[in-house]
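[1] Sequence and predicted structure are below.
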Amino acid sequence: MVFKRMLGALGVGGPSVDTVLATPRTQPGGTLAGEVRLKGGDFDAQIEHITLGLVARVEMEHGGGEGSGVGEFTRSQVSGPFTLREGEERTIDFQIPVPWETPISEIGGQHLNGMALGVRTELAVAKAVDKGDLDMVAVEPLPSQLRILQAFLQLGFHFKSADLELGHLYGVRQELPFYQEIEFYPAAQYAGVVGEIEVTFVAGPGGLEVILEADKRAGRYSGDAIGRFQVSHEDALRTDWPSEIDRWLTGLAQYGHHAPHHGEHYGHHDSHHDSHHGGHYGHHDSHHDSHRGGGMGIGAVAAGAAAGVVGGLVAGEIIDEVFEEDEGGDEEW
């Protein structure tokens, strides 16, 4: 999908820009390739730079309520300064990196309800910056992530929705300033044990950190049960995930505060335990993060990215009309 618009920074008669993706699908840790097509207007224009940014709709809390905004979470400059002559047509090829923690928006060709990702073109012309066209992009799961998601379907779970939460996961090295929650309705055999389950991936070159959060309804404690483990991409492909997940879920009805398994760390807590542990073991919002500063292993680059995405969030409705066209869900996903 290509969105054409005249650059408002220069008004009528200014240059126009289109960004065309060679392949509108990618994976975390992959690349996006394509070309930026420029056409000169009625006069010469001094182009200072062309920058592409990946943007996503993010859920956030503000003023005691909840809302959503659209934030840019990574940027790549694809051109430096040049002069675009009157009426000139110019094409700039690009290949930009996709962060490992980029959220999943499509599985098996089916869009995940609730997800909206795009590539935004920014053209700086004569000291004015115009955020040009926006192109939808689909991010498919890595094979290691797909194996885990498929395991929930094999166990009888049903996909509900997915969203991005602004904030950091406690105790997890996280580069992006938000995390994805992929939510499933419980399978019939676990209905008395757990309610809905949320799956979060924090991917890196070497593997995955997987966080499972279940609404626990059986056993000694009620509240949120958290399962956390790390696995390499290779080991994830060799693991019998339906058995692993079933074992963890079954254990929730038996264990109290901790449910260890195979040396992995699985924990459980509710609001009572949170008061002793300094906040949720799994999920945090920006309020919690503000009290932890750099103690979460987030480096200066990540801190800068967080500041950028928070500062870059805009009212969701500004861009909803672009995203809503690909918001349709699918029965399976």
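    On my side now, so go ahead. Numbers count the residues shown, from 1 in each chain.

[2] For Asp163, give me the pLDDT.
    At Asp163, the model reports a pLDDT of 93.

[3] again, but for Ala307
    36.

[4] and if you look at His288?
    On pLDDT, His288 comes in at 36.

[5] Also Ala138?
    95.

[6] going forward, begin numbering at 473 instead of 1
    Fine by me, first position is 473 from now on; the one you just mentioned is Ala610.

[7] any idea how far it lies from Ala634?
    13 Å (C-beta to C-beta, to the nearest Å). Backbone N, C-alpha and C define where each C-beta goes, glycine included.

[8] any shared contact partners between these two?
    Ser577 (C-beta atoms under 8 Å, 6 or more residues apart in numbering).

[9] What count of nearby residues applies to the nearest residue to Leu721 once chain neighbours are set aside?
    Of all residues not flanking Leu721 in the chain, Tyr662 sits nearest, at 5.4 Å (C-beta to C-beta, 6 or more residues apart in numbering). A count of nearby residues for Tyr662, using other C-beta atoms under 10 Å, gives 22.

[10] Look up which residues are beta-bridged to Asp635.
    When bridges are called by DSSP bridges, Asp635 pairs up with Glu653.

[11] Hmm, Tyr651 and it touching each other?
    No. Asp635 is beyond contact range of Tyr651, at 9.9 Å (criterion: C-beta atoms under 8 Å).

[12] Quick one: low-confidence residue ranges for this structure.
    Applying pLDDT under 70 to the chain flags residues 473-484, 533-537, 599, 602-604, 689-695, 725-805.

[13] and if we set it to 80?
    473-486, 532-541, 598-605, 688-696, 724-805 (pLDDT under 80).

[14] now the helices: where do they sit in it?
    Along the chain, counting by DSSP state H, helices occupy 615-626, 705-710, 713-724, 743-749, 758-762, 772-784, 789-795.

[15] Please parse the chain into its domains.
    What automatic domain parsing lists as the domains of the chain is 477-612, 615-778.

[16] Which secondary structure elements does the longest strand along the chain sit against?
    What stands out as the longest strand in the chain, according to DSSP state E, is strand 517-534. Counting by 3 or more C-beta pairs under 8 Å, 6 or more residues apart in numbering; DSSP states H and E, the packing neighbours recorded for strand 517-534 are strand 503-511, strand 537-551, strand 554-556, strand 561-569, strand 589-597, strand 630-638, helix 758-762, helix 789-795.

[17] Make a markdown table from these and add distance to Arg710 to it.
    As requested, these are exported to a markdown table (distance: least, C-beta to C-beta, whole Å):
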| stretch | distance to Arg710 |
| --- | --- |
| strand 503-511 | 27 |
| strand 537-551 | 31 |
| strand 554-556 | 50 |
| strand 561-569 | 28 |
| strand 589-597 | 30 |
| strand 630-638 | 25 |
| helix 758-762 | 35 |
| helix 789-795 | 37 |
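
[18] who wins for proximity to Val644 among the ones you listed?
    Among those, helix 758-762 comes nearest to Val644, with 11.9 Å by C-beta to C-beta.
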